[in-house]
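**Student:** Here is a sequence together with a model predicted from it:
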Amino acid sequence: MTIMITSFIGRRRLRLRLISTECIMIIAVLISSSAITAFMASKSTTSSILSTPTVVDPTTKQVNAPVVKVSLYEESFPMLYVSKLVYHFGAIVKAARNAEIVLKVPVDFPIELKDFQDKSLALSNKSFNNGNGLSLVEMMEVIQLNKESIATVLGEESAYGLAIIEDIARFKASCKVEHDEGMYFLCVYRSIEAKISCVYGIIKDVCNKRIIIAFRGSQKPDLSTRDWRSNLKANVVELETPALIREKLDEDLKEHVYVHEGFHDYLFENKRRSIQIYTRIVEDVKPLIEDGYSVYVTGHSLGGALAHLLSFKLAGDEDHRDWLPKPITCISYAAPYSGASGYRTAMEQLEKDGLLRSLRVTNGEDIVPASPPFSLGFPFRTMKHTGINLRLTKNGYSTVHSSVGGFKNAVKNTFLKPVWRLLTWHGLQLHDSRMDEYYKDLSKVTIDDLYKDQTVVSKEFAEGKAKSNHNED
């Protein structure tokens, strides 16, 4: 079903439909927090889950995702709310783990708590809702029971968070004819090892046929968690060049590109786990894919950087082309740099080949997307952004692709940003209000339109040519 925006009321209904995803993942935390308690009490251990590499016939045809026909606004706005909600998850999980709140579950809730005594919340293999996971209706029941606990955890954001819940409740009541009850399903939420492993959730949007992978960003400064240690670990390390573009790149880029070490290690080098996060995500996504579905990856701040790295690997992976639909779509908010110039070159090749669509949404005053400007230690590299940047300011917005060079674009990406009101510039609420302010314009263009617009992308990119000064690695 395509959602059309024709008026303020229509936009409001769209926003309510989009933020329904927040309800789903908040409830995931409410349930998974009880699992934490059960897990700690049982002191159970999880056996190693090691994957056997899949050997795919080289003649296997790539599964294609359907062409996206909705506007940039309609496509990107849901990702803003999905990105926002993961912050609430982390806060609620932490509060439950520390016994700061007591959570309630309806008597007739379809999942028994004993099902959550593992280290993960994986719902897609359960017998209810045809294996889709927890639905919006089931989420609402638990949220209504736990309003006070949610308000306690969200603190200053409680009024905004609970207003969203009330909006969802009213919207659900008025839209049963549009089968809203079965629109969104929470399939996976992994958070228990949050201090050593990245937090992510996977939502199945059966209406728009999307599988959405959402990463949590950095929480409040706490060096005991991996979030901030990863942010500060700004060396670069080698990441193997994806197989599907290897032979199209020059020299050393055929073998590897340089990426931010802290973000890389989150996905590919977490030695304290028996299975790497990248492998786990692939295994989580595979059973959810159906004919006509697309895969989206999103996140805010640290979560945005992880979203770009994951999209890079998924888009260029040749081992899963028999089931993983492409292009992969990555939509991030306030993401910092995640790689150097060779990484940018490889990303652009994925885009040229139709394997990746990438949109970075930023506030012009935010310093985080301009950091780190260069790597620390050896090898020394300047950091580069990728994809199309939708840059929002109080006076308007601009769109520019990473293939466009020049002094003006370089200045926009520099570290010369205001540090006062950092949380305001970096926060999703400002992204929210500015996108809403410019929604009329953003509703007239699609992401695919921007990829064809030579005022957004470079002439070389539009013609499929390499840009030699990208090959600095």
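**Tutor:** Cool, the structure landed.
**Student:** where along the stretch 251-400 of the chain do the helices fall?
**Tutor:** Under the criterion DSSP state H, counting those that start in this stretch, helices of the stretch 251-400 of the chain are mapped to 261-268, 277-285, 302-316, 341-352.
**Student:** Buried residues, the shortest one. List them.
**Tutor:** What that stands for is helix 261-268. Glu261, Gly262, Phe263, His264, Asp265, Tyr266, Leu267, Phe268 (16 or more other C-beta atoms under 10 Å). All C-beta spots, glycine's among them, are computed from the backbone N, C-alpha and C.
**Student:** mind putting the helices of the stretch 251-400 of the chain in TSV, mean pLDDT included?
**Tutor:** Below are the helices of the stretch 251-400 of the chain laid out as TSV (pLDDT from 0 to 100):
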stretch	mean pLDDT
helix 261-268	88
helix 277-285	93
helix 302-316	96
helix 341-352	96
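**Student:** who wins for proximity to Lys248 among those helices?
**Tutor:** helix 341-352 (5.5 Å; C-beta to C-beta).
**Student:** what's in contact with the closest one?
**Tutor:** The contact list for helix 341-352 (C-beta atoms under 8 Å, 6 or more residues apart in numbering) reads 239, 241-242, 244-245, 248-249, 252-253, 257-259, 308, 312, 315-316, 339, 356-358, 381-382, 384-387, 402-403, 451, 461, 464, 466-467, 469-473.
**Student:** Just the buried residues from these, in ChimeraX please.
**Tutor:** Buried residues among the contacts of helix 341-352 (16+ other C-beta under 10 Å), as a ChimeraX selection:
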select :239,241,242,244,245,249,253,257,258,259,308,312,315,316,339,356,357,358,381,384,385,386,387,402,403,451,461,466,467,470,471,473
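**Student:** on that earlier part again, let me know which of the helices of the stretch 251-400 of the chain is the nearest to Leu442.
**Tutor:** helix 302-316 (18.6 Å).
**Student:** For that closest one, output the C-alpha coordinates as CSV.
**Tutor:** Below are the C-alpha coordinates for helix 302-316, written out as CSV (Å, rounded to 0.1, in the frame of the first residue of the first chain):
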residue,chain,number,x,y,z
LEU,A,302,27.1,5.7,16.1
GLY,A,303,24.2,3.7,14.8
GLY,A,304,24.4,5.6,11.5
ALA,A,305,28.0,4.8,11.1
LEU,A,306,27.3,1.1,11.7
ALA,A,307,24.4,1.3,9.2
HIS,A,308,26.7,2.5,6.5
LEU,A,309,29.3,-0.2,7.2
LEU,A,310,26.7,-2.9,7.3
SER,A,311,25.1,-1.7,4.1
PHE,A,312,28.6,-1.6,2.4
LYS,A,313,29.1,-5.3,3.2
LEU,A,314,25.6,-6.5,2.4
ALA,A,315,25.4,-4.7,-0.9
GLY,A,316,28.7,-6.1,-2.1
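**Student:** now the angle from it to helix 261-268?
**Tutor:** 60 degrees (axes from the mean of the first three to the mean of the last three C-alpha atoms, to 10 degrees).
**Student:** quick one on the thing from earlier: among the contacts of helix 341-352, which are located in strands?
**Tutor:** Leu239, Val257, Tyr258, Val259, Gly339, Leu356, Arg357, Ser358, Lys384 (DSSP state E).
**Student:** ok, which pair from these is furthest apart?
**Tutor:** Maximum distance among the ones in strands among the contacts of helix 341-352 (C-beta to C-beta): 23.4 Å, for Tyr258 and Arg357.
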